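> what follows is a predicted structure for the sequence shown.
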Amino acid sequence: MKKTLLILLSMLSVSALFAGCMGKDSPNTLTVLNYGKYIEPKVLDMFEDETGIKVEYEEYITPENMYTKYKAGAIDYDLICTSDYMIEKLINEGEVLEMNYDNIPLVKNLDQTYFDFSRSFDEKNKYTLPYFFGTVGILYNKEMIDESKVDSWDILWDEAYAGKIIMADSVRDSFMVAQKRLGYSLNTTDDEKLREAQKLLIAQKPLIYSYLVDEAQDEMIAENAAMAVVYSGEAGLALEYNDKLAFSVPKEGSNMWIDCWFMPKSAKHKENAEKFLNFLCREDIASLNFDYVYYATPNTKVKDSLDPELQKNPTIFPPKEVLDNCEVLKSLDDEATMRYNLYWKEIKSAD
């Protein structure tokens, strides 16, 4: 079902792209770029019906993919949602417009805690609006692995699970796993430490079932692998479909991520973008998005309305002790970015 939905959404994205080419200068449009499967589709229809503003909607897979799309300059995006470190990179490059929160009054529904977290990449809270947050950990099948070992990243190198391990098809997420296993910061740029992490990932490669992002959740639900490195929201949704699954954030620490909306310098419809952001902060709309995406929401009205058991679900809403043991990804300079990308290509091409 999820794969069918992704195909349908991809088709809609293509249609939106053509629509954008035809009407990009219309004052009654809004051009949005977002992660795949990261908004309830009917939310877009509801916004169009209520405001008369046509949403031209496009998707991407990884922050690096988003950056390439945006920097190509083929489309004038009005709003983009992406992750902390990539937003920081674009802020540093002068590609992000300041927000006028006075024009987004329902921002009051968002917990200030997550604006405080956002200061790690948006120092004065001038550019971003939190959307979802969570951690990265191991989604595993309780009947296929030794649960006593899943509290450590070490299990991803256990030869007993050869051919049953899914790693993230993402340079920063996969390096994070190796870096944390080695006791290093996930933001290290020390070349010796990066090479050490690369050696670990190359040594792990014969054990890998596949490198995936969106599809990892589906593979685990179908029991095609024993464990997968996934985002906490994907894990939470997978647990709803298969009660053999569980989720662990290893004791060595992990990534605490925040995905936010921002207005890029290319924005031509800033007022429409503000209306859309205000719409997303509305309780009923944020609730629809939470039910669809199933990631932790910063919207206090939505969280407070949830069943108490769900509010305490550590997969969806990580406890403080887990978050305290996590780091937020930081933007890398051009040299470090090139080295990460080069070392990742070497990992993927290694025999």
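Sure, I can see it. Numbers count the residues shown, from 1 in each chain.

> going by C-alpha atoms from here, please, whenever you check contacts or count neighbours.
Noted.

> was I right to think residue 61 contacts residue 38?
No: counting by C-alpha atoms under 8 Å, residue 61 sits too far from residue 38 to count as a contact (10.4 Å).

> might one say that residue 246 is in contact with residue 143?
No: if you go by C-alpha under 8 Å, residue 246 and residue 143 don't touch, sitting 10.3 Å apart.

> give me the pLDDT value at residue 61.
With respect to pLDDT, residue 61 scores 89.

> next one: it relative to residue 305, how far apart?
Per C-alpha to C-alpha, to the nearest Å, residue 61 is found 31 Å from residue 305.

> quick one, which of these two is more surrounded?
Taking other C-alpha atoms under 10 Å, residue 61 and residue 305 do not tie; residue 61 has more neighbours (15 against 11).

> which ones are touching that one?
35-36, 213-214 (C-alpha atoms under 8 Å, 6 or more residues apart in numbering).

> again, but for residue 322
If you count contacts by C-alpha under 8 Å, 6+ apart, residue 322 has them with 249, 253.

> one more pass at 7 Å, please.
Residues in contact with residue 322 (C-alpha atoms under 7 Å, 6 or more residues apart in numbering): none are found.

> what's the longest strand anywhere in the chain packed up against?
What stands out as the longest strand in the chain, according to DSSP state E, is strand 129-141. With contacts taken as 3 or more C-alpha pairs under 7 Å, 6 or more residues apart in numbering; DSSP states H and E, strand 129-141 sits against strand 227-231, helix 232-241, strand 245-248, strand 254-264.

> for the third one, name the packing helices and strands.
It stands for strand 245-248. Strand 245-248 sits against strand 129-141, helix 232-241, with contacts defined as 3+ C-alpha pairs under 7 Å, 6+ apart.

> output these in JSON lines; the columns should cover distance to residue 175, mean pLDDT and mean neighbour count.
Converted to JSON lines, these look like this (distance: least, C-alpha to C-alpha, whole Å; pLDDT from 0 to 100; neighbours: other C-alpha atoms under 10 Å):
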{"stretch": "strand 129-141", "distance to residue 175": "12", "mean pLDDT": "97", "mean neighbour count": "25"}
{"stretch": "helix 232-241", "distance to residue 175": "18", "mean pLDDT": "92", "mean neighbour count": "22"}
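
> can you lay out those as a markdown table showing distance to residue 278?
Below are the helices and strands packed on strand 245-248 laid out as a markdown table (distance: least, C-alpha to C-alpha, whole Å):
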| stretch | distance to residue 278 |
| --- | --- |
| strand 129-141 | 10 |
| helix 232-241 | 23 |
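
> just to revisit the earlier point, between the contacts of residue 61, which sits nearest residue 348?
Using C-alpha to C-alpha, the shortest approach to residue 348 within the contacts of residue 61 belongs to residue 213, at 14.8 Å.

> hmm, residue 169 and that closest one touching each other?
Yes: using C-alpha atoms under 7 Å, residue 213 is in contact with residue 169, at 5.7 Å.

> helix or strand next in line after the worst-scoring helix or strand of the chain on mean pLDDT, which one?
Within the chain, no helix or strand scores below helix 2-23, which has a mean of 40 by mean pLDDT, DSSP states H and E. Per DSSP states H and E, helix 2-23 leads on to strand 29-35 as the next helix or strand towards the C-terminus.

> distance between the helix or strand following that following strand and the chain's centre?
Using DSSP H and E, the next helix or strand after strand 29-35 towards the C-terminus is helix 41-51. With C-alpha atoms, centre = their mean, to the nearest Å as the basis, helix 41-51 stands 23 Å off its chain's centre.

> may I have helix 41-51 exported as CSV, CA atoms only?
Presented in CSV, the C-alpha positions along helix 41-51 are these (Å, rounded to 0.1, in the frame of the first residue of the first chain):
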residue,chain,number,x,y,z
PRO,A,41,-2.2,14.4,0.6
LYS,A,42,-5.7,15.7,1.4
VAL,A,43,-4.1,18.5,3.4
LEU,A,44,-3.0,20.1,0.1
ASP,A,45,-6.5,19.8,-1.3
MET,A,46,-8.0,21.3,1.8
PHE,A,47,-5.6,24.3,1.6
GLU,A,48,-6.5,24.8,-2.0
ASP,A,49,-10.2,24.6,-1.3
GLU,A,50,-10.0,27.0,1.6
THR,A,51,-7.7,29.6,0.1
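
> residue 82 contacts residue 257, correct?
No: proximity of residue 82 to residue 257 does not meet the contact threshold set by C-alpha under 7 Å, at 10.3 Å.

> okay, now residue 300: neighbour count?
Neighbours of residue 300 under the rule other C-alpha under 10 Å: 15.

> test my guess that it contacts residue 111.
Yes: using C-alpha under 7 Å, residue 300 is in contact with residue 111, at 5.8 Å.

> all helices in the stretch 151-300 of the chain, in order from the N-terminus.
Counting by DSSP state H, counting those that start in this stretch, the stretch 151-300 of the chain has helices at residues 171-181, 191-204, 215-221, 232-241, 270-281, 283-293, 300-305.
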